[in-house]
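Asks: A structural model of the following input is requested.
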Amino acid sequence: MNKNTILGWATLIMVLMGLLLIGLGIFRYSDVSGWGFGAVGVGFFANAWVFNALKGRV
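Replies: Okay, here's the model as predicted:
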């Protein structure tokens, strides 16, 4: 596995975790803590976007 493959897997795992956290925020926690789960999920999406942008440059 080279660096690009590892960044690709990291991107995929972070997107899945982001979807999981946003889903928890929407369906499981409907009060104020749901907003926190959603915000962290969006943060995972932002990090996955950065990892995807780094593919091929590192």
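
Asks: switch to C-alpha atoms for all contacts and neighbour counts from now on
Replies: Noted.

Asks: what's near enough to touch N52?
Replies: 7-8, 11 (Cα atoms under 8 Å, 6 or more residues apart in numbering).

Asks: so of the residues you listed, which ones are in helices?
Replies: By the criterion of DSSP state H, membership of those in helices covers 7-8, 11.

Asks: quick one: which of those is nearest to L24?
Replies: T11 (19.9 Å; Cα to Cα).

Asks: Report the separation between the closest residue in space to L20 that isn't next to it in sequence and W49.
Replies: Residue nearest to L20 in three dimensions, not counting chain neighbours: G41, with 7.5 Å by Cα to Cα, 6 or more residues apart in numbering. Distance of G41 to W49, computed by Cα to Cα, to the nearest Å: 13 Å.

Asks: which one of those two has more residues nearby?
Replies: G41 (24 against 14; other Cα atoms under 10 Å).

Asks: hey, C-alpha coordinates of whichever helix or strand the residue nearest to L20 is part of in CSV?
Replies: G41 belongs to helix 32-54 when elements are defined using DSSP states H and E. This file holds the C-alpha atoms of helix 32-54, laid out as CSV (Å, rounded to 0.1, in the frame of the first residue of the first chain):
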residue,chain,number,x,y,z
VAL,A,32,-29.1,19.7,22.2
SER,A,33,-26.6,16.9,22.1
GLY,A,34,-27.7,16.1,18.6
TRP,A,35,-26.4,19.4,17.4
GLY,A,36,-23.0,18.4,18.8
PHE,A,37,-23.0,15.1,17.1
GLY,A,38,-24.0,16.8,13.8
ALA,A,39,-21.2,19.4,14.2
VAL,A,40,-18.6,16.7,14.8
GLY,A,41,-19.9,14.7,11.8
VAL,A,42,-19.5,17.8,9.6
GLY,A,43,-15.9,18.2,11.0
PHE,A,44,-15.2,14.6,9.9
PHE,A,45,-16.4,15.5,6.4
ALA,A,46,-14.1,18.5,6.4
ASN,A,47,-11.1,16.4,7.4
ALA,A,48,-12.0,13.8,4.8
TRP,A,49,-12.1,16.5,2.1
VAL,A,50,-8.6,17.6,3.1
PHE,A,51,-7.3,14.0,3.0
ASN,A,52,-8.8,13.6,-0.4
ALA,A,53,-7.2,16.8,-1.6
LEU,A,54,-3.8,15.6,-0.3
